[in-house]
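Trainee: Next one to model:
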Amino acid sequence: MSLADDIIVHLRSMANPANAAGMARYGIKSDNTLGVSMPVLRTMAKSYRRNHELALALWDSGIHEARILASLVDDPKKVTPEQMDRWTASFDSWDICDQVVSNLWETTPYAFEKAVEWVRREEEFVKRAGFVLMARLVVGARNIPEGARIEVFFAEIEHGAADSRNYVKKAVNWALRQIGKRSFELNRRAIAVAEKISRSHNPAARWVASDALRELRSPAVQARLQARIR
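Mentor: Alright, predicted model coming up:
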């Protein structure tokens, strides 16, 4: 058997139907889901870092946990745009979407371009992936896109806020809040964008705006941002 086959046998040996059922209650499909926890997967991944061929084989198994493990062990330097499109097109839950974006896509050289490309797509989890990727790109100071790129993000957020699908609108909201918490200037800009969105007649857009404004204007966020400019 191949290494991927050995790992899949090991994953199956740790299957926990009760956990899988619990995951289903949170919108994670139970098909091909074993119920293996994230701490276990992260521990397993430590032994197989930067193994691109293994990642591809694990992904092709179709098993939920094997796919998350694939995102943890892949080598971002060997990831191609075609691979990103292929994997993202097969996302079937918010969980696999967010894990792959956070574990792998954000560290690739194509992250900005794919974020903008995917938020313009109609498939629910492809679109979510684009907005989650935007949020992740501004989490760390080293990843903050500059100038015109941030303005592209804001423009796409304005447009995407009208999408009423739960997994999309929550990702739009997440992206807007993350940008607005990075710096005092970006906070002001994000608040202005949220205020503009709040004037929409679209219920989803108004929810995105009101929830974002609640956090971005909060005393806790404002205090943290003020401390950074002193």
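
Trainee: okay, now the domains of this structure?
Mentor: Using automatic domain parsing, the domain parsing of the chain gives 1-75, 81-230.

Trainee: Now render these as CSV, adding mean pLDDT and mean neighbour count.
Mentor: Heads up, the C-betas are built off the backbone N, CA and C, glycines and all. CSV is the format used below for the domains of the chain (pLDDT from 0 to 100; neighbours: other C-beta atoms under 10 Å):
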stretch, mean pLDDT, mean neighbour count
domain 1-75, 91, 17
domain 81-230, 94, 18
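
Trainee: Chain neighbours aside, what residue packs nearest to Ser2?
Mentor: For Ser2, ignoring the flanking residues on the chain, the nearest one in space by C-beta to C-beta, 6 or more residues apart in numbering is Ala57 at 6.6 Å.

Trainee: Enumerate every residue touching that neighbour.
Mentor: 2-4 (C-beta atoms under 8 Å, 6 or more residues apart in numbering).

Trainee: how close does it get to Leu72?
Mentor: Distance of Ala57 to Leu72, computed by C-beta to C-beta, to the nearest Å: 14 Å.

Trainee: Would you mind giving both backbone torsions of Arg121?
Mentor: phi -90, psi 160 (degrees, to the nearest 10).

Trainee: is it true that it touches Lys127?
Mentor: Yes. Counting by C-beta atoms under 8 Å, Arg121 touches Lys127, with 5.5 Å between them.

Trainee: Could you find the closest non-adjacent residue to Gln222?
Mentor: Leaving aside its sequence neighbours, Gln222 sits nearest to Asn187 (C-beta to C-beta, 6+ apart; 7.6 Å).

Trainee: Quick check: which element contains that neighbour?
Mentor: Here Asn187, judged by DSSP states H and E, is contained in helix 184-198.

Trainee: what sits against the closest residue to Phe153 other than its chain neighbours?
Mentor: Using C-beta to C-beta, 6+ apart and skipping residues adjacent in sequence, the residue nearest Phe153 is Met134, 5.3 Å away. Neighbouring residues of Met134 by C-beta under 8 Å, 6+ apart: 115, 119, 153, 156-157, 175, 178-179.

Trainee: Throw the residues you listed into CSV and include distance to Gln226 and secondary structure, thanks.
Mentor: As requested, these are arranged in CSV below (distance: C-beta to C-beta, whole Å; DSSP: H, G, I helix; E, B strand; the rest coil):
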residue, distance to Gln226, secondary structure
Ala115, 29, helix
Val119, 31, helix
Phe153, 23, helix
Glu156, 28, helix
Ile157, 24, helix
Ala175, 23, helix
Gln178, 18, helix
Ile179, 18, helix
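
Trainee: Turn these into a markdown table, columns for distance to Ser13.
Mentor: Shown next, in a markdown table, are these (distance: C-beta to C-beta, whole Å):
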| residue | distance to Ser13 |
| --- | --- |
| Ala115 | 37 |
| Val119 | 39 |
| Phe153 | 43 |
| Glu156 | 43 |
| Ile157 | 44 |
| Ala175 | 39 |
| Gln178 | 38 |
| Ile179 | 43 |
